[in-house]
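Peer 1: Show me the folded form of this:
(chains A and B)
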Amino acid sequence: MSHMDERTSETAGRYARVPGWGADLDPTNRPAVPKEKPSNVTNVRGDVPLSRQVPTTKIFMSVEHPDLTPAFGTSCPPRGLSGMLREYAYQYGEGRLRRWMTLMLADRIDVIEGIVDDFSRGHVPNWPKERGLKAEVKYADTRRKSRDLMIAGAAVGIVALVVLWPRITRSVADDDAEA
Amino acid sequence: MKAMTYRGPFRIRVEEKPMPEIEHPNDAIVRVTRAAICGSDIHLYHGLVPDTRVGHTFGHEFTGIVEEVGPNVDNLKPGDHVLVPFNISCGTCWFCSRELYSNCHNTNPAATAMGGIYGYSHTAGGYDGGQAEYVRVPFANVCPTIIPDGISTEDALLLTDACPTGYQAAEMGDIKEGDTVVIFGAGPVGIFAARSAWLMGAGRVIVTDHLDYRLDFVSRYGPAETFNFTHIDDPIVYLKKITDHLGADVCIDAVGCDAKGSMLQTLTGLKMKFQAGSATAVFWAINSVRKAGTVVVIGAYGPTFNLVPLGNIVNKGLTIRANQCSVKRHLPRLFEHVRAGRIDPKAIITHRFPLSEIAEAYHVFTSKLDECIKPMIIPAAA
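Peer 2: Next up is the predicted model:
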């Protein structure tokens, strides 16, 4: 019996309530041991030639890469002002704040462009549906629903006040004039 | 095909998108059978990850049936039911050859700091994800794995990210017999980290969160000692007191950039975006681990910078371990654990939604409604 086996049997009783306790106590059972697997690959890019995906749309590339990676995603080609900002951002290295903050700004502009695009295609976004608010009705507890109702009530009150404000002020002015 | 699409922070919808195509000889097209929403999807959903474009399809946890393969794919064939790890890996570069699949250098043109990930913004390569009916799977020879006998589809789904990520977190802690392990966050990854810490011989496992229902779950599933940090004035002092005033041997940040608990971090990281998310969990981990202890960061953070106590890392002589999980490396051992009943991945699935109701699924998950721990998505084409 090895030292590890002795220790495990001694402590197994202590942890009997925990199924599988110590199954990977022996480091050799752990998939990452040794931490760095030996490899004869010396080149970061690997010594196996890989087929290269052909870009069919604009793909932005980090300036820290020497060239486009063999594979890449083609999810959403850049567009409009947000696309121009992204192109600007990708001129900078990954350690530069202006790269990331410009991308965040581009993301926000992209959202506005998405709304404009929706309306231009005759699609009116269903924001309550997009925010999944049906689940709020179905799953929220009473306390949360009360909070939701208060927020909704306050919002309706503010909108009503804004809409009716000219009429209220006109009415007050008329009353003052009559007096 | 139908797919979830991002429209802006807190807004998503299901739309018709073109069917994915083979764009590279090593690609496969997979018909999604199950997908899940990951805690890190919330960072995208909240608009915290740079270069998240309108129209992008999220989803990096999914299983599916191979529909079509490119000419270079020789270990999968149409009809195979596969689990697809969230890493997109070439299998040949310096990193992949050392089984560091999450650090692949050949699949993400947009950033050298991370490999390609399905449905995780253009910063992670611009690949559409699996919260859809079909998905393009690059380098299908490398990471996608046929679901073996004895592993259910729902177990396989959790083995694409959450379970191996929790397991790797515990493994990176280099846990020794009898160690005290503190896990910040009782979400899916924290739950699996707690379970895995015991497998590696921990003597005590303590989990903290602000949600009582999640703490209840992990106290049974881990099992684990738990405490709600919102009920305590100073969680770091509390942890010192319950660990003989030395601190834990290993602390694991299983939360990432959406962490609650510090007004300063929330304000500067989440509201004003002056840092790459809220670093509360890693801040607490550094301060509550013992001197010469190990801090593991497995939660996701943005690419810029965060407020963390660097001086304490130096003064305490800490070891910091961090990485995205290299899922494929862990699968053989995790299959053994699942078959032996040592880990039950599917037990954390609390909600099931059709793809058509994915906006509701995100709302339930992000708002922590109905005691949600893990929502699963079932496409109509499944």
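
Peer 1: And the longest helix anywhere in chain A, how far out from the chain middle?
Peer 2: Longest among the helix segments of chain A by residue count, using DSSP state H, is helix A:142-178. Centre-to-centre, helix A:142-178 and its host chain are 36 Å apart (CA atoms, centre = their mean, to the nearest Å).

Peer 1: Following the chain past the lowest-mean-pLDDT helix or strand in chain A, name the next helix or strand.
Peer 2: Across the helices and strands of chain A, the lowest-confidence element by mean pLDDT, DSSP states H and E is helix A:3-12, at a mean of 58. Sequence-wise, the next helix or strand downstream of helix A:3-12 (DSSP states H and E) is helix A:80-89.

Peer 1: Can you list the buried residues in that next one?
Peer 2: Using 16 or more other CB atoms under 10 Å in any protein chain shown as the test for burial, helix A:80-89 gives A:82-83, A:85-86, A:89. In this view, the C-beta of every residue, glycine as well, is placed from N, C-alpha and C.

Peer 1: quick one: secondary structure of the closest residue to B:T165 other than its chain neighbours?
Peer 2: Nearest non-adjacent residue to B:T165, counting by CB to CB, 6 or more residues apart in numbering or on different chains: B:C325, 4.1 Å away. When classified by DSSP: H, G, I helix; E, B strand; the rest coil, B:C325 comes out as coil.

Peer 1: got the residues of the stretch 151-300 of chain B near chain A?
Peer 2: Taking CB under 8 Å from any CB of the partner chain, the part of the stretch 151-300 of chain B that reaches chain A is made up of B:168, B:171-172, B:177-178, B:196, B:198-201, B:223, B:273.

Peer 1: Those: which two are farthest apart?
Peer 2: B:E177 and B:K273 (43.1 Å; CB to CB).

Peer 1: gap between B:I147 and B:R34?
Peer 2: As judged by CB to CB, to the nearest Å, B:I147 and B:R34 stand 11 Å apart.

Peer 1: Common neighbours of those two, please.
Peer 2: Common contact partners of B:I147 and B:R34 (CB atoms under 8 Å, 6 or more residues apart in numbering or on different chains): B:63, B:153.

Peer 1: For these two, work out which one has more neighbours and name it.
Peer 2: It is B:R34, of B:I147 and B:R34, that has more neighbours when counted by other CB atoms under 10 Å in any protein chain shown, with 23 against 19.

Peer 1: In the stretch 151-300 of chain B, which residue sits closest to chain A?
Peer 2: B:G201 (3.6 Å; CB to the nearest CB).

Peer 1: okay if I get the residues of the stretch 151-300 of chain B next to chain A as JSON lines plus pLDDT, neighbour count and secondary structure?
Peer 2: Shown next, in JSON lines, are these (pLDDT from 0 to 100; neighbours: other CB atoms under 10 Å in any protein chain shown; DSSP: H, G, I helix; E, B strand; the rest coil):
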{"residue": "B:Q168", "pLDDT": "97", "neighbour count": "28", "secondary structure": "helix"}
{"residue": "B:E171", "pLDDT": "96", "neighbour count": "28", "secondary structure": "helix"}
{"residue": "B:M172", "pLDDT": "96", "neighbour count": "25", "secondary structure": "helix"}
{"residue": "B:E177", "pLDDT": "95", "neighbour count": "16", "secondary structure": "coil"}
{"residue": "B:G178", "pLDDT": "95", "neighbour count": "14", "secondary structure": "coil"}
{"residue": "B:S196", "pLDDT": "98", "neighbour count": "35", "secondary structure": "helix"}
{"residue": "B:W198", "pLDDT": "97", "neighbour count": "28", "secondary structure": "helix"}
{"residue": "B:L199", "pLDDT": "97", "neighbour count": "25", "secondary structure": "helix"}
{"residue": "B:M200", "pLDDT": "96", "neighbour count": "26", "secondary structure": "coil"}
{"residue": "B:G201", "pLDDT": "96", "neighbour count": "22", "secondary structure": "coil"}
{"residue": "B:P223", "pLDDT": "96", "neighbour count": "16", "secondary structure": "coil"}
{"residue": "B:K273", "pLDDT": "80", "neighbour count": "17", "secondary structure": "coil"}
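
Peer 1: On the pLDDT front, check the residue nearest the centre of chain B for me.
Peer 2: Closest to where the C-alpha atoms of chain B average out (CA atoms, centre = their mean) is B:A162, at 4.8 Å. With respect to pLDDT, B:A162 has a value of 97.

Peer 1: now swap in B:K316 and tell me
Peer 2: 98.

Peer 1: quick revisit: look up phi and psi at the residue nearest to the centre of chain B.
Peer 2: Per-residue torsions, B:A162: phi -60, psi -50 (degrees, to the nearest 10).

Peer 1: Enumerate every residue touching the residue nearest to it when sequence neighbours are not counted.
Peer 2: Leaving aside its sequence neighbours, B:A162 sits nearest to B:P188 (CB to CB, 6+ apart; 4.1 Å). Residues near B:P188 by CB under 8 Å, 6+ apart: B:38-39, B:158, B:162, B:166, B:348, B:373-374.

Peer 1: want to throw those residues into TSV with secondary structure?
Peer 2: Converted to TSV, the contacts of B:P188 look like this (three-state DSSP):
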residue	secondary structure
B:C38	coil
B:G39	helix
B:L158	helix
B:A162	helix
B:G166	helix
B:I348	helix
B:I373	coil
B:K374	coil
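
Peer 1: what sits against the spatially closest residue to B:F86 that is not a sequence neighbour?
Peer 2: Closest residue to B:F86 apart from its sequence neighbours, by CB to CB, 6+ apart: B:H60 at 3.7 Å. B:H60 makes contacts with B:38, B:40-41, B:86, B:117-120, B:129-130, B:160-161, as judged by CB under 8 Å, 6+ apart.

Peer 1: Quick one: mean pLDDT for stretch B:292-305?
Peer 2: Here the average pLDDT along stretch B:292-305 is 92.

Peer 1: What of stretch B:371-382?
Peer 2: 93.

Peer 1: Now do the end-to-end distance for it.
Peer 2: For stretch B:371-382, the first-to-last residue distance is 26 Å (CA to CA, to the nearest Å).

Peer 1: Name the residues that touch that stretch?
Peer 2: Against stretch B:371-382 from outside (CB under 8 Å, 6+ apart): B:1-2, B:31-37, B:59, B:131-134, B:154, B:157-158, B:162, B:187-188, B:191, B:213-214, B:217, B:348-356, B:358, B:361, B:364-365.

Peer 1: Of those, keep whichever come out buried.
Peer 2: By 16+ other CB under 10 Å, the contacts of stretch B:371-382 give B:1-2, B:31-37, B:59, B:131-134, B:154, B:157-158, B:162, B:187-188, B:191, B:214, B:217, B:348-351, B:353, B:355, B:358, B:361, B:364-365 as buried.

Peer 1: you'd agree B:K291 is in a strand?
Peer 2: Yes - under three-state DSSP, B:K291 sits within a strand.

Peer 1: In which helix or strand does B:L334 reside?
Peer 2: helix B:327-339.

Peer 1: Tell me the helices and strands packed up against the helix or strand just after that helix.
Peer 2: Next along the chain after helix B:327-339, taking DSSP H and E as the criterion, comes strand B:351-354. When contacts are defined as 3 or more CB pairs under 8 Å, 6 or more residues apart in numbering or on different chains; DSSP states H and E, strand B:351-354 sits against helix B:358-366, strand B:375-378.

Peer 1: Adding distance to A:P49, write the ones you listed out as CSV.
Peer 2: Formatted as CSV, these follow (distance: least, CB to CB, whole Å):
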stretch, distance to A:P49
helix B:358-366, 40
strand B:375-378, 38
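
Peer 1: So for B:H81, which of these sits nearest?
Peer 2: Across the helices and strands packed on strand B:351-354, closest to B:H81 is strand B:375-378 (CB to CB), at 14.8 Å.

Peer 1: Strands of the stretch 51-200 of chain B, start to end?
Peer 2: B:61-69, B:81-84, B:87-88, B:116-117, B:134-137, B:145-146, B:180-184 (DSSP state E, counting those that start in this stretch).

Peer 1: just so I have it, where are all the helices in the stretch 51-200 of chain B?
Peer 2: B:153-158, B:162-172, B:188-199 (DSSP state H, counting those that start in this stretch).

Peer 1: measure stretch B:198-216 end to end?
Peer 2: 18 Å.

Peer 1: I appreciate the help and will end here.
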